[in-house]
Every structure is written in structure tokens, then in C-alpha cells.
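Engineer: fold the following, please.
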Amino acid sequence: MIAVAVFFLTLYVGYRVLRSSKGSGSDEGGLRRRAMSFSSSSMLDGAFPSSMQMPDPVINACMYFDDCPDEAAMLDVIQKLFEYERFRGVPRRVSGGAWVWADAASRPQDHLREFRCASTEALHQKIEEIKSDPLLYPQGPEGPQTDKPLFEFVLLHNESRGELSCVVARVHHSIGDGLSLMLVMQRMITDADGAPIEVQIPGKQGGPKKARTSGSGKMKTDPASTLWALFKVLTLGMTPFDTDMGYSQKRFNDGFVHYNGQRRIVYFPEMELSFLKSLKESAGVTLNDVLMAAFSGALRRYSEKTGVEFSTGREQARALLPVAFPRRADVVNDYSRCLRNKWAFVSAHFAVTPASARERLQQQAAEMNVLKTTPVAPIQSFMQNSVMASLPWFVVHKLVGDSFARHTCVFSNVPGPQEPVYFAGRMLRKIHMVFPNALMQVGILSYNGQVFMNSVVDLEAQRHPGLLSFSFAEELVELAGELNVQVPTSMSDWMQENTVNA
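Structural biologist: Alright, predicted model coming up:
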């Protein structure tokens with residue numbers, strides 16, 4: 001019966017996808033334009049089962065400077081953000097149950113907090129403390145009750161001479177996804193002379209939407225590929241659980257993972273982008289393939305060092321990848337529409353079974369090529385925003401909970417500007433994206449020739465958090481050796497300084 005139901009649901013969704021692809025897809029005009037998508041509204045309603053005890057979905061962008069910007073400059077940044085509908089508004093439910101943004105009477109100073117930290121260690125501890133602070137009040141009859149827009153800036157002044165200070169930009173995920181926030185950031189940054197800088201963000205421009213490809217060509221849209229992708233999406237919550245290899249969240253009797261609040265940020269080595277590009281070019285793969293393969297090797301190394309044997313060849317670890325979709329040029333330039341949650345989760349296998357770093361990279365690239373050349377992502381997007389939006393909440397909770405419980409982590413990679421930029425009058429030195437989640441969350445941002453990476457881990461599941469980042473560095477070094485790529489001195493120095501954590 002289940003197989004029959006999935007078959008007919010697959011045909012129905014396939015028909016809807018083909019029908020919707022022929023329309024304009026316009027969401028312009030009137031209240032409909034202002035109503036949130038299901039992806040945005042679910043951030044407020046809560047897509048997870050209550051038993052998972054998830055906190056507010058808050059994106060923390062940790063921006064490091066020699067000194068924090070002064071208060072006047074920060075208030076000016078906040079005032080500019082008020083030009084955007086979602087940064088000056090608060091979520092309100094209207095008749096019919098839809099969410100819209102209603103303008104709020106908020107002052108820039110209401111969105112600014114400051115702390116003084118005696119050292120870099122104290123600064124990082126403060127980030128740990130605030131990363132899960134809620135931006136919403138408890139639910140009321142019309143939804144979350146708040147009198148100010150759902151964002152804030154936290155200035156962390158480092159009083160240790162010569163050490164970096166930090167500004168933590170905290171934004172509720174209902175306001176927008178990573179690509180949207182990068183588009184907004186583009187209007188807040190300048191070069192050293194104060195001139196605007198345009199960030200080259202893949203997929204932001206208008207024009208026809210083209211599938212990103214790797215190796216075998218463009219996306220396949222034939223009936224067989226579409227049905228395969230539909231089946232993959234519809235049955236994700238029924239697939240086997242990932243192998244317990246010593247780093248997964250504890251699963252309880254109800255089958256869900258639980259957010260226990262014991263999350264810690266693990267910082268990975270800062271990587272030279274040129275080094276990663278050399279690996280990419282030598283192997284003939286993408287930069288994301290290199291990063292995912294290196295993390296695959298880190299997972300395997302962590303497991304082996306903590307007593308787990310890879311003996312069957314059937315060990316499995318998967319990531320949920322948030323895939324952002326292009327925005328039309330007219331949307332990008334519209335302050336009321338440029339902030340969106342136009343993305344979908346795609347399930348991808350980590351290459352944990354091959355024995356060598358190079359073999360892991362080859363397998364990872366093959367896995368990613370399948371996802372790029374089949375319509376899994378657009379179908380998943382359609383399911384999230386069209387099909388799931390029509391389902392009862394208890395069904396949505398079940399689907400989301402089942403999917404998350406079957407994965408090892410969420411893996412996010414967002415490109416940033418590749419030249420020095422200034423924010424609120426201060427030169428940005430480095431940046432990290434921190435997002436506490438039910439699963440281990442891996443966040444990667446590139447900026448000014450460097451790649452900054454961290455994972456937010458469950459301390460109940462990962463007893464040796466420093467071992468994961470060290471294993472990642474080991475994997476990159478092994479891969480460089482197999483591809484005859486020179487390892488930067490900065491990587492070798494980091495490993496020498498952090499060996500104790502392993």
C-alpha cells in the first residue's frame with residue numbers, strides 16, 4: 001500500500017511540477033506579494049516536532065575587526081536596514097492563516113547590545129552564550145509576540161591588546177536565507193574609500209534559470225529522471241538511518257533527534273582559498289566537492305580514532321544541503337521582495353567508505369554531480385512551498401522530524417566578497433556563520449582569499465569536538481600529498497598548535 005501511495009503521489013507531484021514550470025511564477029502585486037512563503041512562515045510556526053525542543057532559528061554572523069565600529073556608525077547601519085520590509089517589520093498572521101510583515105515602531109538603539117571581554121577566550125565564550133538567545137517572545141493568539149523587528153547586533157569589545165573584537169549580527173531565519181542576507185550586506189559594505197562594492201554572488205542575476213553543472217552536462221528533465229528524483233524526495237523520511245559512528249546526535253525512542261541546548265562551536269583551520277582551488281583544479285572537481293570530501297574524511301578519521309571500525313563498506317553518513325535558488329534582477333533590487341527564503345534541502349551522501357583521501361574526493365564529486373544533473377532540488381523546493389504548505393501540521397512535523405533524524409549534519413557553504421571590505425567604517429578581518437541546529441551544523445564562508453569554517457556540535461554526541469577539526473586538516477594534508485599540491489605553512493602551523501586538542 002505504501003508503495004502504491006508513493007507511486008500515485010509521485011505522478012501527482014510530477015504533474016504539478018510540469019504545470020507550474022509553464023507558468024510565469026509571478027508573485028507580484030497586492031497582499032499576495034507580501035505574504036510569506038511556506039519556508040519563511042514555517043520558521044515562525046515551527047516545522048519541527050515539539051519533542052525536538054528546537055530554539056528560534058537565528059543566523060549568527062560573527063564579524064571580526066581590529067576594533068568594534070563606534071555606536072553612531074552602527075546606528076546608521078541599522079537605520080539603513082529599516083529600508084527593507086522584513087528588517088523594519090514584525091510577523092503578523094492575517095485572516096486565512098497567512099503570515100505578513102507589519103511595520104513596527106522600532107528605534108535603531110533597540111537593536112544594539114554591547115559587552116566588554118577581557119580576552120579572546122572570554123569573547124568566544126560570550127558568543128557561545130548569546131548564539132541561541134531568542135529573538136521572539138512566546139506565542140500569542142496572532143503568533144509570536146514582539147514589538148521590534150527580529151534582528152540585533154551584539155558588539156563584543158576585546159580588551160586584550162592586539163586581539164580582534166567581534167560584532168555578531170543576529171537575524172531570525174524567517175527574514176531571509178543566506179543568499180538574501182549577502183545581497184543586503186552588499187549594500188552595507190564599502191571599499192577603503194567608502195565606495196560601494198558589488199559582491200559576486202552566484203545565481204543572483206536575472207534571466208533564464210540555468211542548472212549548474214559539473215562534468216556530465218546540464219540538468220536532465222526527461223520523465224525517467226524526474227520520476228527518479230520525485231521518488232528520492234518523497235521517500236527520504238523512510239530511508240535507513242545514518243550509521244552511528246561516534247559523532248551523531250543521540251536518538252530517542254520516538255525516532256527524533258533532540259535539541260538539548262549543549263551546543264559548542266568548533267573552529268576549523270582558516271584555509272587559503274588558493275590552496276583549495278589548487279586541489280580543485282588538480283582533481284578536476286568543484287570547490288564544494290573538495291570541502292565536502294575533506295569533511296567526509298574528517299568524519300571517518302574521527303570515528304576510527306574513537307574506536308569505530310569501517311569493515312562492511314556499507315557505512316553511511318549524509319548531509320542536508322541548503323540549496324539557494326536564483327533571484328530575478330527586479331526582485332534583487334526591490335526592498336520589499338529581495339529578502340526571501342528561496343531554498344530547499346537536498347540530501348547528499350558523504351564519501352566515508354573509500355580508504356584514501358583521493359578516492360573519497362572522486363566519490364564525493366560523483367555524488368554531487370548526480371544531484372546537480374537531476375531535478376532533485378527544484379522538486380524538493382516545490383514540495384516545501386506547495387505540497388507541504390497544504391498538509392496538516394502534524395504531518396509536516398512528522399516529515400521534517402523523520403528527515404532530520406536520518407542525517408548526520410546540515411552543511412552550508414556561502415561565498416563572500418574576495419577583496420577587503422569595510423563595514424560601519426571598520427575593515428572586516430574575518431567572518432564566521434554560526435547556526436545552532438538539531439543536527440550538527442557546518443557553516444562555511446569565504447572572504448578575501450580565506451575560507452572560514454566552523455561546526456556547531458552536540459557535546460553529548462561529540463565527546464572530542466577538537467578532534468573533528470584536526471581530522472579535517474589531516475584529510476586536506478593527505479589529499480594535497482596525493483595530488484602533489486603544496487600545503488600552506490599556515491595549515492601546518494595550525495596543526496602544530498592544535499595537536500593537543502586531538
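
Engineer: CA only for contacts and neighbour counts going forward, please
Structural biologist: Fine.

Engineer: point to the residue nearest the middle of the chain.
Structural biologist: The residue lying closest to the centre of the chain (CA atoms, centre = their mean) is residue 412, at 3.7 Å.

Engineer: quick check: which element contains that residue?
Structural biologist: Remark: residue 412 resides in strand 409-414, with elements defined by DSSP states H and E.

Engineer: mean confidence for that strand?
Structural biologist: Average pLDDT, strand 409-414: 93.

Engineer: who's in contact with that strand?
Structural biologist: Here strand 409-414 makes contact (CA atoms under 8 Å, 6 or more residues apart in numbering) with 178-179, 288, 318-322, 439-446.

Engineer: select only the buried ones of the residues you listed in PyMOL?
Structural biologist: The PyMOL command for the buried members of the contacts of strand 409-414 (criterion: 16 or more other CA atoms under 10 Å) is given here:
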select buried, resi 178+179+288+318+319+320+321+322+439+440+441+442+443+444+445+446
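
Engineer: identify those among the contacts of strand 409-414 that sit within helices.
Structural biologist: Mapping the contacts of strand 409-414 onto helices (DSSP state H) picks out 178-179, 288.

Engineer: which one of those residues is nearest residue 302?
Structural biologist: residue 288 (20.8 Å; CA to CA).

Engineer: what about the residue lying closest to the closest one once chain neighbours are set aside, neighbour count?
Structural biologist: Leaving aside its chain neighbours, residue 288 sits nearest to residue 413 (7.6 Å; criterion: CA to CA, 6 or more residues apart in numbering). Residues lying near residue 413 (other CA atoms under 10 Å) number 21.

Engineer: state the distance from the closest residue to residue 376 other than its chain neighbours to residue 370.
Structural biologist: In space, and not counting its chain neighbours, residue 376 is closest to residue 229: 4.9 Å by CA to CA, 6+ apart. The spacing between residue 229 and residue 370, counted by CA to CA, to the nearest Å, is 10 Å.

Engineer: more neighbours, these two?
Structural biologist: Between residue 229 and residue 370, residue 229 has the larger neighbour count (other CA under 10 Å), namely 22 against 18.

Engineer: would you agree that one is in contact with residue 373?
Structural biologist: No - using CA atoms under 8 Å, residue 229 is not in contact with residue 373, being 10.4 Å away.

Engineer: where's the spatially closest residue to residue 245 that is not a sequence neighbour, which helix or strand?
Structural biologist: Counting by CA to CA, 6+ apart, residue 303 is the residue found nearest to residue 245 once chain neighbours are left out, at 5.5 Å. Secondary structure assignment for residue 303, by DSSP H and E: helix 287-305.

Engineer: tell me which other helices or strands that helix touches.
Structural biologist: Applying 3 or more CA pairs under 8 Å, 6 or more residues apart in numbering; DSSP states H and E, one finds that helix 287-305 contacts helix 273-283, helix 357-372, helix 465-483.

Engineer: do you know which of the ones you listed lies nearest residue 131?
Structural biologist: Comparing the helices and strands packed on helix 287-305 by CA to CA, helix 465-483 comes nearest, at 17.7 Å.

Engineer: any idea of the mean pLDDT for the closest one?
Structural biologist: The average pLDDT within helix 465-483 is 95.

Engineer: relative to the whole chain's centre, how far out is it?
Structural biologist: Mean-position distance between helix 465-483 and its chain equals 22 Å (CA atoms, centre = their mean, to the nearest Å).

Engineer: could you list the buried residues of the helix or strand just after that helix?
Structural biologist: Downstream of helix 465-483, the first helix or strand assigned by DSSP H and E is helix 489-498. Buried residues in helix 489-498, counted by 16+ other CA under 10 Å: 491, 495.

Engineer: so what touches helix 489-498?
Structural biologist: Under the contact criterion CA under 8 Å, 6+ apart, helix 489-498 has outside partners 269-271, 470, 473.

Engineer: please apply the same query to stretch 148-157.
Structural biologist: Contacts with stretch 148-157, where a contact means CA under 8 Å, 6+ apart, come from 67-68, 86-90, 104-106, 110-117, 123, 135-136, 165-172, 175.

Engineer: for the record, mean pLDDT for it?
Structural biologist: The pLDDT scores in stretch 148-157 average 95.

Engineer: one more: stretch 133-145?
Structural biologist: 65.

Engineer: so who does residue 125 touch?
Structural biologist: Shown in contact with residue 125 (CA under 8 Å, 6+ apart): no residues.

Engineer: tell me the mean pLDDT for the one helix or strand it maps to?
Structural biologist: Using DSSP H and E, residue 125 sits in helix 120-130. Per-residue pLDDT values across helix 120-130 average out to 97.
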